Structure formats: C-alpha cells, structure tokens
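A.B. asks: Requesting a structural model of the entry that follows:
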Amino acid sequence: MYEPIKIFIASPGDLSDERKKFVDIISEVNIIKAHTMGYHLEPLGWEDTLLGVGRPQQLINEDLKKSDLFIMLLWKRWGSHTGKYSSGTEEEYNVALELYNTYQKPEIWLYFKNNDKSNLNKDTEKINKFKGLIEEENVLLYKKFSDITEWGDLLRNNLCIWLDTKQTNNKKVIDDSNDIYDDKVLIEVSCIDFVPNTSPEIQFTIVDEISFDNWKKLDLDSKKLFIYRELNKHLYLTLGSNPYRAIMRYRLDETRYLLLGKISMKYGSTIEECTFYIPSELNLITKISKEEKNIIDFHD
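C.D. replies: Take a look at the predicted model:
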C-alpha cells in the first residue's frame, strides 16, 4: 500500500485556475515520482470538505489538520470574514502555523501571484501587509509566479525536490518479495475515467491462455491478493474516486470477456477491508465499454 501524503491548498476565489492546475500537477507527480517511491500525494481543499453541522470554516479546518503539507496562494482577493479572522485563507494559515509550531506538521509553502500595481485595492493592501509580515518575521520563505504555466512548473519542481528529502518507503504497495505471480499471470491494464453516467473503473485483462491457466490454479486468497496489489499500483488512473473499483477478466474475443473477479476499496484500505467478488464458476460474460481507455493511451 502506498503511504499517503495529504496536501491542502488554501486560496481565495480568484485563483480557481491555479487550484485546478494544482490537482493536475499532483496527479502528474504521483505518476512520475511519488508512486515509485512508495508514496501517494492526495490533494485536499474546501471542495473536498463534507457538509456537516458547525461553522463552515471549522469543517474545512478539520481537513487541514489531517494534512502533511499546507500550500497557500494569494493574488488579488483576500477573502471573506469567517467570524474569527478577516478571511478563510488567513484562518487556514494561522491554523496551519499553530499546528506546525506544535507538531512540526504540516509544512507550509506560500505562493504569491504577481499583481498589476495599477490595480491596487483594499484586498491587495491586506495581501501586501501579510507579505510584509512574513518578511519581517523571517520564519517562512515564499515564491512568486506570473501565470498558470509558471505556477505549474514551480509546483511540480518544488514537489519533486521535496519528495527527494523524504526517506524512500521500500514497502510500496505490498512487499515486493512476494512477486510469485508477476511472471505467471500477465495482464493488460485499461480504465474508464470520469465519464457522465459512468462509474470510474480499472480493468485488468488476461489475454493469453497460459496466464489464464495459472490464474485458475491460484487459491482464493492469492486471487484477492493479486487484484488488491494491482489496483493499488494503478490508483492514479481514476484519481479521487472513492471507492476505487477494478475488474479482473479474461478476453474471449474482441467484445466478450470472462469475469474473474471484482474489488471495491476506499483509499488506504487494507486487504481485509476491501470488498471482493470472486465467482466460484467461470461462466459470467462481460462486454467491453466504449469509454474504456488503454493505459498507454491514458499516459499519451
């Protein structure tokens, strides 16, 4: 199982494009670096906070408290009063700072998008005052960026360098010494990503008879372990889906597949916490979905 690293992003509403880019970069860094180190970066923000009873900002703060890294962005807007602070972003910063001073977690990164000096207002005055306070206290460093492209490049580079400072997790998905199935059961990987009226799903397909015969020789626990491990390797294909789902199948022809098993799991679940369906008889036929995308096409 990957070790999760939760990254919280705080910003007012004028940086929605940067927030979307943040999620894209997180997914990209997972693929190019984090997963190979045994980590999975998980984005958090107010969009992910569940509805509940209580002060809205307090509910967001509860998610912040679970984070390992806090990223704060500011540009033209300061935000609205929360009842305790002059803006939600300011409150989130203070909560993160208090947590770090107490527990050394989350780490805090600050970013400021360059402002047009001819477009100053009360909000930008508050932002400049906050920036001046950061410089005066000399406790945290911050970075500046000009546009969405520079923001993406900056965040990607910072995350990769940051990951290099963390100790490599050799556990990865599951103990790699237990690779007795890898050369016996060969699979192709495809996925159905987020499509209207379609649940995200990952498919593992056996296409050769030798692998199919070897699959049939596995006992029930080994079959579950195989599907569980493969799903954890490929969670990034349907990033953000909860629960994650996967199907194990054998290709009969171009349109028909024999169902070998199903798994449903929430992120971070142990194998005991997953839901499996392994048919006792191989007689269930499934058909290919037009929304299905090969893993190679997905990366292209």
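A.B. asks: Before we go further, Lys216 is sitting in a strand, right?
C.D. replies: No: under DSSP: H, G, I helix; E, B strand; the rest coil, Lys216 falls outside any strand and is assigned helix.
A.B. asks: For it, give its distance to Leu282.
C.D. replies: 8 Å (Cβ to Cβ, to the nearest Å). Just so you know, the C-beta spots here come from the backbone N, C-alpha and C atoms, and that holds for glycine as well.
A.B. asks: And the strands in the stretch 201-300 of the chain?
C.D. replies: 201-206, 244-251, 256-265, 275-277, 285-287, 293-294 (DSSP state E, counting those that start in this stretch).
A.B. asks: And for the stretch 51-200 of the chain?
C.D. replies: Under DSSP E, counting those that start in this stretch, the stretch 51-200 of the chain gives strands at 69-74, 107-113, 142-145, 188-192.
A.B. asks: Could you list the residues in contact with the third one?
C.D. replies: When contacts are taken as Cβ atoms under 8 Å, 6 or more residues apart in numbering, the neighbours of strand 142-145 outside the stretch itself are 109-114, 131, 134, 151, 154, 158.
A.B. asks: and which of these is nearest Thr82?
C.D. replies: Leu110 (19.2 Å; Cβ to Cβ).
A.B. asks: quick revisit: show me which of the contacts of strand 142-145 are buried.
C.D. replies: For those, a burial check counting by 16 or more other Cβ atoms under 10 Å picks out 109-113, 134, 151, 158.
A.B. asks: Have a look at those residues and tell me the least confident one.
C.D. replies: Within the buried ones among the contacts of strand 142-145, the minimum per-residue pLDDT falls on Ile134 (89).
A.B. asks: Hmm, Leu140 and that one touching each other?
C.D. replies: Yes: counting by Cβ atoms under 8 Å, Leu140 is a contact partner of Ile134 at 5.8 Å.
A.B. asks: Return every residue with contacts to both of those two.
C.D. replies: Common neighbours of Ile134 and Leu140 (Cβ under 8 Å, 6+ apart) are Leu110.
A.B. asks: Just give the number of residues close to Ile227.
C.D. replies: 24 (other Cβ atoms under 10 Å).
A.B. asks: Just the pLDDT at it, thanks.
C.D. replies: At Ile227, the model reports a pLDDT of 93.
A.B. asks: and the gap between the residue nearest to it when sequence neighbours are not counted and Ser146?
C.D. replies: Once flanking residues are discounted, Ile227 sits nearest to Ile263: 4.8 Å by Cβ to Cβ, 6 or more residues apart in numbering. When distance is defined by Cβ to Cβ, Ile263 is 45 Å away from Ser146.
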